[in-house]
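Engineer: task: produce atomic coordinates for the following.
(4 chains)
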Protein chains: 2
Amino acid sequence: MTRVGMVRADARENRERILEAARDAFAADGSASTNQIAQRAGVGPGTLYRHFPTREALVLAVYQHEVARIVDLVPQLLRDHAPVEALRLWTTELVAAMRAKHGLGHALDPAAQAAVTEQTYGPVIGAITTLLDAGKSDGSIRADADAADFLQLTGALWRAASGPEDRSPRLLALVLDGLRPPPAR
Amino acid sequence: MTRVGMVRADARENRERILEAARDAFAADGSASTNQIAQRAGVGPGTLYRHFPTREALVLAVYQHEVARIVDLVPQLLRDHAPVEALRLWTTELVAAMRAKHGLGHALDPAAQAAVTEQTYGPVIGAITTLLDAGKSDGSIRADADAADFLQLTGALWRAASGPEDRSPRLLALVLDGLRPPPAR
DNA sequence: ACCTGAACACCGTTCAAGT
DNA sequence: ACCTGAACACCGTTCAAGT
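Structural biologist: Presented below is the predicted three-dimensional model:
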């Protein structure tokens, strides 16, 4: 009873091992070759190309995997911390990941970069919205705080993180202060 | 009487032709190969590498050439236009050039990108300072306008220019309005 | 001094042959 | 259905041989 969507176990395992090898290889060197990654994953180059039809597709998959991981952090953070602190920790994680993966971006032409943004924008906005809503509920974040605005500012953060000294924690603190409700009068 | 710094005429010509071929090739396709460029310039690959020891060095030279060209535009613009209009035209040119060369940036690792910035920052700040000073002299630009601030805002401009519709002219108009002196009271 | 172009090691990608 | 790995066209870069 073979069904559509049925995948052989070895194929699924190979896919996972290639993705993992790619993540490690890219972390060490953004310009790691597909053949190197295939070898590191213990598969032939043909197998890599069966799962990811171009180098770009592989890079994109690594990005999406990373974004999904960070988005999934939200519930745990909200369980363990107050909303503003959860938002601070989550944003720190996001900036660190963007910084680590930044070298990868250079391997992508503008079209591919647009694809990444499009694929990841929704989930990231969703995560920020959840975090902001938690703060709005308990009054620690002002009611008109906007997720898209916050993400825009986050873009400035990772540029600040790329300098000689990492000024991003200070900037992040500043932004978070700006989200606090105005003092009652 | 051979002197240090003496260069054979054919060498100088080759250098210029390679640079020109590289500029054209990169404009069409940021990932044009060095061998293609050498062929386009009518020289052997070895000649290209004699003048530019790595691909990166060639890309850097193209950038610097372009920035120098734009910086050199300033006197002409100030002769033909009022300071604020000169600044507007000059910035438009800079943003257009940055946009055209943006694909090139992707071919550079972060270290090389830092090198570009370092090499070009001084002259660009100089050009902006000249333009702002002209406006301060005739009272069309406020006295505390700062060249570094203006350049920072320009960075945001070429990001705005990369979107589906080019919002940069509107943003530039806004920034220029901000440079006007405060109304007398 | 400088130029040429064959050559090198390696790249992303393909595909015939296997299981 | 999926995997292997030799092979292809091309990349950035080098270097012996020419002028």
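
Engineer: spell out which parts of chain A neighbour DNA strand C.
Structural biologist: Proximity of chain A to DNA strand C (Cβ under 7 Å from any atom of the strand) is limited to residues A:31, A:33-36, A:45-46, A:48-49, A:53-56. Glycine gets a C-beta too; all of them are placed from N, C-alpha and C.

Engineer: redo that, cut-off 10 Å
Structural biologist: For chain A, the residues in contact with DNA strand C (Cβ under 10 Å from any atom of the strand) are A:29, A:31-39, A:44-50, A:52-59, A:107.

Engineer: out of these, which touch DNA strand D?
Structural biologist: Okay, of these touching DNA strand D (Cβ under 10 Å from any atom of the strand), that's A:N35, A:A38, A:Q39, A:G44, A:P45, A:G46, A:T47, A:L48, A:Y49, A:R50.

Engineer: and the second one, what does it touch?
Structural biologist: With contact taken as Cβ atoms under 8 Å, 6 or more residues apart in numbering or on different chains, A:A38 is in contact with A:I18, A:A21, A:G44, A:P45, A:T47, A:L48.

Engineer: isn't the fifth one up against A:I18?
Structural biologist: This means A:T47. Yes: with contact defined as Cβ atoms under 8 Å, A:T47 counts as touching A:I18 (7.5 Å).

Engineer: who has more neighbours, those two?
Structural biologist: Neighbours were counted for A:T47 and for A:I18 using other Cβ atoms under 10 Å in any protein chain shown; A:I18 has more, 24 against 18.

Engineer: which of the helices or strands spans that one?
Structural biologist: helix A:9-28 (DSSP states H and E).

Engineer: same check, this time on A:A143
Structural biologist: Counting by DSSP H and E, A:A143 is part of no helix or strand.

Engineer: please tell me how far it sits from DNA strand C.
Structural biologist: According to Cβ to the nearest atom of the strand, to the nearest Å, A:A143 stands 48 Å off from DNA strand C.

Engineer: hmm, which of the residues of chain A next to DNA strand C are the buried ones?
Structural biologist: A:A32, A:T34, A:I37, A:A38, A:T47, A:L48, A:F52, A:R55, A:E56, A:L58, A:V59, A:A107 (16 or more other Cβ atoms under 10 Å in any protein chain shown).

Engineer: now do the SS call for the first one.
Structural biologist: The one in question is A:A32. Going by DSSP: H, G, I helix; E, B strand; the rest coil, the secondary structure assigned to A:A32 is coil.

Engineer: list phi and psi for it.
Structural biologist: Torsion angles at A:A32 (phi, psi; degrees, to the nearest 10) stand at phi -60, psi 140.

Engineer: quick one: contacts for the residue positioned nearest the centre of chain A?
Structural biologist: Taking Cα atoms, centre = their mean, the centroid of chain A lies closest to A:V67, which sits 2.8 Å from it. A:V67 makes contacts with A:A97, A:T120, A:P123, A:V124, as judged by Cβ under 8 Å, 6+ apart.

Engineer: thought the last one was touching A:V74?
Structural biologist: No: A:V124 is not in contact with A:V74 according to Cβ under 8 Å; the separation is 10.6 Å.

Engineer: which residue does chain A have closest to DNA strand D?
Structural biologist: Relative to DNA strand D, the nearest point of chain A is A:G46 (1.8 Å; Cβ to the nearest atom of the strand).

Engineer: just to revisit the earlier point, quick one: which of the contacts of A:A38 is nearest to DNA strand C?
Structural biologist: A:P45 (4.0 Å).

Engineer: A:A27 versus the closest one, what's the distance?
Structural biologist: 21 Å (Cβ to Cβ, to the nearest Å).

Engineer: can you list the residues of chain A near DNA strand D?
Structural biologist: Residues of chain A lying near DNA strand D by Cβ under 10 Å from any atom of the strand: A:2-15, A:17-18, A:35, A:38-39, A:41-51.

Engineer: A:N14 versus the residue of chain A closest to DNA strand D, what's the distance?
Structural biologist: Distance from A:G46 to A:N14, by Cβ to Cβ: 11 Å.

Engineer: cool, and A:Q39?
Structural biologist: 13 Å.

Engineer: same check, this time on A:G178
Structural biologist: In terms of Cβ to Cβ, A:G178 sits 47 Å off from A:N14.

Engineer: neighbour count: these two, which is higher?
Structural biologist: Taking neighbours as other Cβ under 10 Å, A:G178 and A:N14 compare with A:N14 leading, 20 against 12.

Engineer: isn't the more buried one up against A:A41?
Structural biologist: Yes: assessed by Cβ under 8 Å, A:N14 is found in contact with A:A41 at 7.3 Å.

Engineer: got any residues that touch both of these two?
Structural biologist: By Cβ under 8 Å, 6+ apart, no residue touches both A:N14 and A:A41.

Engineer: ok, now which ones touch A:A27?
Structural biologist: A:A100.

Engineer: can you tell me how far it is from A:G42?
Structural biologist: 18 Å.

Engineer: how about A:L89: what's its closest non-neighbour residue?
Structural biologist: A:L77 (5.7 Å; Cβ to Cβ, 6 or more residues apart in numbering or on different chains).

Engineer: give me the element the one you found is part of.
Structural biologist: Following DSSP H and E, one finds A:L77 within helix A:74-80.

Engineer: and that helix, how far from the chain's centre?
Structural biologist: Put simply, helix A:74-80 sits 17 Å off its chain's centre (Cα atoms, centre = their mean, to the nearest Å).

Engineer: so what's the predicted local confidence for the nearest residue to A:T120 once chain neighbours are set aside?
Structural biologist: The shortest distance from A:T120 to any non-neighbouring residue, by Cβ to Cβ, 6+ apart, is to A:V67 (4.5 Å). Looking at A:V67, its pLDDT reads 91.

Engineer: what about chain A, any weak spots by pLDDT?
Structural biologist: Under the criterion pLDDT under 70, the flagged ranges of chain A are A:1-5, A:102-114, A:152, A:155-165, A:167, A:171, A:184-185.
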